[in-house]
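Trainee: okay, structure incoming, though there's no sequence with it:
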DNA sequence: TTACCTATCCAAAACGTTTCGGATGGGTGG
DNA sequence: CCACCCATCCGAAACGTTTTGGATAGGTAA
């Protein structure tokens, strides 16, 4: 037994024990054809016995690949929960695992900006690709990554250059168009749309869906009231909704940009003794867990976050694996029809 | 201008441009005292101009530290959502970011076991520490990490050796003891406990809390029915609960090991036209989002996952930073009192 | 002047891996 | 017997960083 002066489990130690060169051991494990079958067997068995795992840094340094995909968590100043974060990470991580990749998550610390974190992550070579979420209409992160030629994919999309990079997005336009058509078909003519005041693409797209549906509908006298509030300010929403629902010509149906907002509508309706869906129809978006249990059940759209994230991982990994064509995908959320929408009350239609 | 034959942004390139050695540049950036103040300034400025970021692999290789903390996601065969995963990751990642660490997440692929993934992660040197969740009563992962002397911390704890490693756990015993006392004080004497059939420590501990409270209470005639079901089988729970609530001597109060189970109770109660809390008190645990909106509001315990995860990160990082004393912490969840519990109905007490 | 000290800098080794470009030796065809 | 080929193996370079152990030059004390 030659005394082992090296880290247990290093290639060098393995080579020493087997009386082979590091090169041969490495190539044997990699399955190259220029090592004898018998030798390969010997090496593989020894590696298994020693529980050899190649050192990450060494491999990374020479190959230039880390086997990591980066995801920067949106910074949340407010104690705001993203109800889909867990699903997103689970789905993403799953699809990465199938191809031997791991997920590297970083949050931006209070002392730094998201761009700094992104740059550090990319420039340090610690990731082979990047997943971007919460895309704004013009997103500097997209420009940065495009310039650096780093493989990346976004969940959501920017306003422009949409064919220049890979993205996967939920078809919010279709969903809201669908919801609007549904409400119109049920006889609703006074609609309200509760939106957000950020420059997010998903807002743009969902509002567009409503507008398109109304424009294409063959009905007259449709009125649409749109309100924009701060997504993280519940009180703001509640007061706006109160005003809306106590106005003389209050809407008979509310479209909410997100389920969270829809819950606020239900809350105010309950305060005001308006019964859902008899007095007011409500449709949300997202299918958060609350939607299923809040009475009378919130009609909404399910965006199957986990599957989407899983696909995001796949597309990104494909783009790393050589073929660098950008790829876009619009995923259509499906309507989850519950109790919060119905025909417009008859006394309203006649009024 | 000397042509730069090296990767843009490498130390070598910087040294070349500044007409200094790699050593000096490295030491200047690291703030060593053996480099002239003027030189240091020059180096730092050049680094900022070039946007120099040290290569992760190079540093890792020589220092032996990666700056990563590993977290292996529980594998979920079933399409089961962990409602707290997002919060946990957000909190953990946040506290890591403050100290310059990133979070490395891996899922176990269908072809491998969790132990294999853990071993590969540890042995490859890609993490400086490990966070373990979903601890079972005797958890081989804990044994493995202890043997390897890898810094780690668990969310939850094993049955034994609790003083031998660091853990942070929710004080489920206290919570369930508290809940039981509360119900007893409200006059309830026929209690039911809906539990799970896995060998998780949190089950053990929470059941213990109920038992202790009953034993210490100065009341006679307390009866406790405990049911164990498969946590991922909703139908199983529903049928057990149906049977329970239609039995002649049905309980007047239900303790549910988790909020998900409590929701099932509420659902069955609604089916059977039992009104909550008049006919039946229900107390859950976890404070999942649904608890706030399901009528009449689920009384439960909030375990502030995000803060807990944040502390987990801190403790782990401290243990990496030299002082290796193990540290344990029990975090007491607080009661969120909503509408699902009340005094025992008078016609029952008299019966 | 000489010996020593200090401030400032640097060459080279080391970390563990992959890979390029041979080296070695036995067998084959002429 | 010679030239060549093939199968098998290996030395050494390279990746980018940190760190050890000096080297150099100028100043200071004797």
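Mentor: Happy to help now that I have it. These figures come from a predicted structure and were not determined experimentally.
Trainee: tell me what the helix or strand harbouring residue A:178 is packed against?
Mentor: Assigned by DSSP states H and E, residue A:178 belongs to helix A:172-185. Judged by 3 or more C-beta pairs under 8 Å, 6 or more residues apart in numbering or on different chains; DSSP states H and E, the packing partners of helix A:172-185 are helix A:201-216, strand A:253-256, strand A:281-283, strand A:334-336. Backbone N, C-alpha and C define where each C-beta goes, glycine included.
Trainee: with mean pLDDT, distance to DNA strand C and mean neighbour count added, can I get these in JSON lines?
Mentor: Converted to JSON lines, the helices and strands packed on helix A:172-185 look like this (pLDDT from 0 to 100; distance: least, C-beta to the nearest atom of the strand, whole Å; neighbours: other C-beta atoms under 10 Å in any protein chain shown):
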{"stretch": "helix A:201-216", "mean pLDDT": "96", "distance to DNA strand C": "40", "mean neighbour count": "19"}
{"stretch": "strand A:253-256", "mean pLDDT": "98", "distance to DNA strand C": "52", "mean neighbour count": "28"}
{"stretch": "strand A:281-283", "mean pLDDT": "98", "distance to DNA strand C": "54", "mean neighbour count": "27"}
{"stretch": "strand A:334-336", "mean pLDDT": "98", "distance to DNA strand C": "45", "mean neighbour count": "15"}
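Trainee: which one of these lies nearest to residue B:83?
Mentor: Residue B:83 lies closest to strand A:334-336 among the helices and strands packed on helix A:172-185, at 18.1 Å (C-beta to C-beta).
Trainee: report whether that closest one contacts chain B.
Mentor: No. Strand A:334-336 is not in contact with chain B by C-beta under 8 Å from any C-beta of the partner chain; minimum separation 15.1 Å.
Trainee: and that strand, how far out from the chain middle?
Mentor: 18 Å (C-alpha atoms, centre = their mean, to the nearest Å).
Trainee: tally of neighbours for the closest residue to residue A:155 other than its chain neighbours?
Mentor: Closest residue to residue A:155 apart from its sequence neighbours, by C-beta to C-beta, 6 or more residues apart in numbering or on different chains: residue A:133 at 4.6 Å. The tally of other residues near residue A:133 (other C-beta atoms under 10 Å in any protein chain shown) stands at 18.
Trainee: what sits against residue A:133?
Mentor: By C-beta atoms under 8 Å, 6 or more residues apart in numbering or on different chains, the contact set of residue A:133 is A:71, A:74, A:88, A:154, A:155, A:156.
Trainee: which ones are touching the third one?
Mentor: Taking C-beta under 8 Å, 6+ apart as the contact definition, residue A:88 lies against A:133, A:155, A:305, A:306, A:308, A:309.
Trainee: now those residues in JSON lines, with pLDDT, distance to residue B:34 and secondary structure?
Mentor: JSON lines is the format used below for these (pLDDT from 0 to 100; distance: C-beta to C-beta, whole Å; DSSP: H, G, I helix; E, B strand; the rest coil):
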{"residue": "A:133", "pLDDT": "95", "distance to residue B:34": "45", "secondary structure": "coil"}
{"residue": "A:155", "pLDDT": "97", "distance to residue B:34": "48", "secondary structure": "strand"}
{"residue": "A:305", "pLDDT": "96", "distance to residue B:34": "53", "secondary structure": "helix"}
{"residue": "A:306", "pLDDT": "94", "distance to residue B:34": "54", "secondary structure": "helix"}
{"residue": "A:308", "pLDDT": "97", "distance to residue B:34": "54", "secondary structure": "helix"}
{"residue": "A:309", "pLDDT": "97", "distance to residue B:34": "49", "secondary structure": "helix"}
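Trainee: chain B contacts on the stretch 251-351 of chain A?
Mentor: Counting by C-beta under 8 Å from any C-beta, the stretch 251-351 of chain A sits next to chain B at A:263, A:288, A:289, A:290, A:292, A:293, A:294, A:295, A:306.
Trainee: shouldn't the fifth one be in contact with residue A:302?
Mentor: No. The pair residue A:292 / residue A:302 is not scored as a contact, 10.4 Å apart, by C-beta atoms under 8 Å.
Trainee: leaving out the residues flanking it, which one is nearest to residue A:160?
Mentor: Spatial nearest neighbour of residue A:160, excluding adjacent residues (C-beta to C-beta, 6+ apart): residue A:138 at 7.3 Å.
Trainee: hmm, back to that, nearest to residue B:199, out of the contacts of residue A:88: which one, please.
Mentor: Nearest to residue B:199 out of the contacts of residue A:88 is residue A:306 (C-beta to C-beta; 27.1 Å).
Trainee: what's around that closest one, how many residues?
Mentor: 21.
Trainee: ok, now the one 10 residues further on?
Mentor: Residue A:316 is surrounded by 27 other residues when neighbours are defined as other C-beta under 10 Å.
Trainee: which residues are contacting the helix or strand hosting it?
Mentor: Using DSSP H and E, residue A:316 maps to helix A:305-320. Outside helix A:305-320, the residues within contact range by C-beta under 8 Å, 6+ apart are A:69, A:84, A:87-96, A:99, A:101, A:128-129, A:131, A:151-153, A:155, A:166, A:168, A:170, A:325-327, A:329, A:331, B:79.
Trainee: quick check: buried residues in that helix?
Mentor: By neighbour count on 16 or more other C-beta atoms under 10 Å in any protein chain shown, the buried set for helix A:305-320 is A:305-306, A:308-320.
Trainee: which bits of chain A sit near DNA strand C?
Mentor: Contact residues, chain A versus DNA strand C (C-beta under 7 Å from any atom of the strand): A:6-7, A:9-12, A:22-23, A:26-27, A:29-30, A:34, A:54-55, A:57-59, A:61-63.
Trainee: tell me, which of these make contact with DNA strand D?
Mentor: Checked against DNA strand D using C-beta under 7 Å from any atom of the strand, the residues of chain A next to DNA strand C yield the following neighbours: A:22, A:23, A:27, A:34, A:58, A:61, A:62.
Trainee: would you turn those into JSON lines with pLDDT, neighbour count and secondary structure?
Mentor: Shown next, in JSON lines, are those (pLDDT from 0 to 100; neighbours: other C-beta atoms under 10 Å in any protein chain shown; DSSP: H, G, I helix; E, B strand; the rest coil):
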{"residue": "A:22", "pLDDT": "96", "neighbour count": "14", "secondary structure": "helix"}
{"residue": "A:23", "pLDDT": "96", "neighbour count": "13", "secondary structure": "helix"}
{"residue": "A:27", "pLDDT": "96", "neighbour count": "18", "secondary structure": "helix"}
{"residue": "A:34", "pLDDT": "92", "neighbour count": "8", "secondary structure": "coil"}
{"residue": "A:58", "pLDDT": "97", "neighbour count": "16", "secondary structure": "helix"}
{"residue": "A:61", "pLDDT": "96", "neighbour count": "19", "secondary structure": "helix"}
{"residue": "A:62", "pLDDT": "96", "neighbour count": "10", "secondary structure": "helix"}
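Trainee: which of those sit farthest apart?
Mentor: Checked with C-beta to C-beta, those reach their widest spread between A:34 and A:61, with 23.8 Å between them.
Trainee: the helix or strand that contains residue A:92 versus helix A:305-320: what angle between them?
Mentor: Residue A:92 belongs to helix A:85-98 when assigned by DSSP H and E. Orientation check (axes from the mean of the first three to the mean of the last three C-alpha atoms, to 10 degrees): helix A:85-98 against helix A:305-320 gives 40 degrees.
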